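1. I would like to see how this sequence folds:
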Amino acid sequence: MKKAKVFLIIFVSLFLMVSLFLYINRDKFAYVGSVDYVEVDCNMMSEILSEVYISDQKIRRENNLIKYAKEDHRNQELIISIIEKCGMPTLNEVNQQQMNAIWLGLQHTENKFRVKYFPLIEKAVKNGDLSKEQYALMKDRILMDEGKPQMYGSQLKNGKLYKLDAPETVNARRQEMGLEPLEDYLKRFDISFDAN
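-> You can find the predicted model right below:
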């Protein structure tokens, strides 16, 4: 009985300390929630996409996980809202950096959105609005998130190359997509690769 009381006192004390810590630091935590549609003005699409691109690149240079999560979430909502309200733009409507912002927003969102909008990415690549490299990176990310082997070797998991489909022909697939040989890519991460 005495042990139960001591355990209860310790548990309640820990609970109160954690609660107090979370309350005091509540502004430092980010609950980003679900990605929802937001109001966008299609006439401002270029400006919005430029903002998204600059934001995406800036947060990846900083080391602030809270800001990172909030900005990524905001960017994803803007990209998805633009696609839904204004349609997928082309290089006739926006510049390359702004097209890249769309790709970045989708690449950094939840897999369900990557899968949903991937046909638009494929079409943009076929039209020359996005690169084959961008196609390969997103395709690999989708495959990895679905637990399937990747095709181009662009994705790492836990410091290792994520499983790869037909490793003996990966460099031919990579070359077709404008990617360097896998061995060279993996050297940057101090990972060795032997296709044989």
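2. got the phi/psi numbers for residue 193?
-> The phi/psi pair for residue 193 (degrees, to the nearest 10) reads phi -140, psi 130.
3. isn't it up against residue 161?
-> Yes - between residue 193 and residue 161 there is a contact under CB atoms under 8 Å: 6.5 Å. Glycine gets a C-beta too; all of them are placed from N, C-alpha and C.
4. between these two, which contacts overlap?
-> Common neighbours of residue 193 and residue 161, using CB atoms under 8 Å, 6 or more residues apart in numbering, are 153, 182, 186.
5. so can I have CSV of the residues you listed showing secondary structure?
-> Shown next, in CSV, are those (DSSP: H, G, I helix; E, B strand; the rest coil):
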residue, secondary structure
153, coil
182, helix
186, helix
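6. tally of neighbours for residue 188?
-> By other CB atoms under 10 Å, the residues close to residue 188 number 8.
7. check it and give its pLDDT.
-> Note on residue 188: pLDDT of 94.
8. number the chain from 16, please
-> Done: numbering now begins at 16, and the last item shifts to residue 203.
9. just to revisit the earlier point, who wins for neighbours among the shared contacts of residue 208 and residue 176?
-> Busiest of these [other CB under 10 Å] is residue 168, holding 27 neighbours.
10. and residue 113, what is it in contact with?
-> 60, 61, 64, 65, 68, 104.
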